[in-house]
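Colleague: Show me how the following folds:
(chains A and B)
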Amino acid sequence: MIDDDVAEPAPTQAERAELDRAASLLASAAQFELSPTALARGRAELDQLLARKQARREERRFRFRILWPLPAALGAALLVGLVVRSKAGPPLPLAPELATAQSHFLTAELTGAPIARKDLDQATRRYRKDLLASLEAPR
Amino acid sequence: MTAPLARVCLVFALVSTLLACASPEKARNYAKEVRKAHAKADHAKTADQRLAAAQQLGVMFDRPPQGPRSTTSALRQDLADRAARLHLDLGEPERALEWVEKGREVDPSPSVLQANLLITEADSLVALGERDRARQALLHAVEINQALLNVELENP
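Modeller: Residues are numbered from 1 along each chain as shown, chains lettered A, B, ... in the order given. As a prediction, this is how the structure comes out:
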């Protein structure tokens, strides 16, 4: 059984200094505690910051969802352009011989000179041959 | 709204690419068939043979062309012109004019084959007794011919 009347030994110099320091901390603790108004304001600011961040994320997601088809469509258009270009094919074989034969034929036809129909037919045949050869040539 | 459009574009691009890749062999076969039709016209002597040759050229004209568009358009104009010539030889200038029209519709841009078609048109119109219109067709052919020769001279 503990006897209350038994006097405790007096604190030492070091213990007294510790106690003094603890007491002064307790005395100033109130200064570090935030008032309920400040706490509420802080929470509100924090919520606002979080909401803004969420909104920015949502906006980025929305922009991506809206804009991703554009590069895809652009790529597809480029591909189609290339295909159309390849389908259009190389330029036609030149036809200076046929153009010259036509010129002779037309001059004869319009001036009443003897008509060189055979030359025009031959030039047409050679041009046809060039066209068919260009179609058969490996691309 | 743009997402379905992009999907449609992508599918279209893929299909076009596949079609383009598949064409060289088809183009060679097409050229072979066109050559065969012209060979038939080369050897046609009688009226029946000429009529059959004209029909064969017509079949090739109507067949979906295979290969680069610039070349196949020229070949189709040439097929139409030759079919028209055969009909003209058979004494059918109206049929000849129909083929000239078909040939000119393939590609209305000025070319040596467009000029050939105009010459055949003029001959058909002469056969129908329409000399003024025939002259107009010839003058149009001269216009095209001169423009083409100028281009040849400028870019030898």
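
Colleague: Show me how chain A divides into domains.
Modeller: Residue ranges for the domains of chain A, per automatic domain parsing: A:34-89, A:90-139.

Colleague: and the shortest one, average pLDDT?
Modeller: Same thing as domain A:90-139. Averaged across domain A:90-139, pLDDT comes to 88.

Colleague: on that earlier part again, any idea which of the domains of chain A is most buried?
Modeller: Across the domains of chain A, the average number of neighbours (mean count of other C-beta atoms under 10 Å in any protein chain shown) peaks for domain A:90-139, which reaches a mean of 17. Yep, even glycine has a C-beta here, placed from its N, CA and C like the rest.

Colleague: what's near enough to touch A:E45?
Modeller: Contact analysis of A:E45 by C-beta atoms under 8 Å, 6 or more residues apart in numbering or on different chains lists nothing.

Colleague: Let me know the pLDDT of it.
Modeller: Per-residue confidence at A:E45 stands at 88 (pLDDT).

Colleague: Next, count neighbours for the closest residue to A:L132 other than its chain neighbours.
Modeller: Nearest non-adjacent residue to A:L132, counting by C-beta to C-beta, 6 or more residues apart in numbering or on different chains: B:A31, 4.8 Å away. Residues lying near B:A31 (other C-beta atoms under 10 Å in any protein chain shown) number 22.

Colleague: Isn't B:A31 up against B:G67?
Modeller: Yes. If you go by C-beta atoms under 8 Å, B:A31 and B:G67 touch, sitting 7.3 Å apart.

Colleague: what is in contact with these two at once?
Modeller: A:L135.

Colleague: Touching the helix or strand where B:A41 lies from outside, list them.
Modeller: Assigned by DSSP states H and E, B:A41 belongs to helix B:23-42. By C-beta under 8 Å, 6+ apart, the residues outside helix B:23-42 that reach it are A:87, A:128, A:132, A:135-136, A:138-139, B:49-50, B:52-54, B:56-57, B:59-60, B:63, B:65-68, B:72, B:75, B:79, B:82, B:86.
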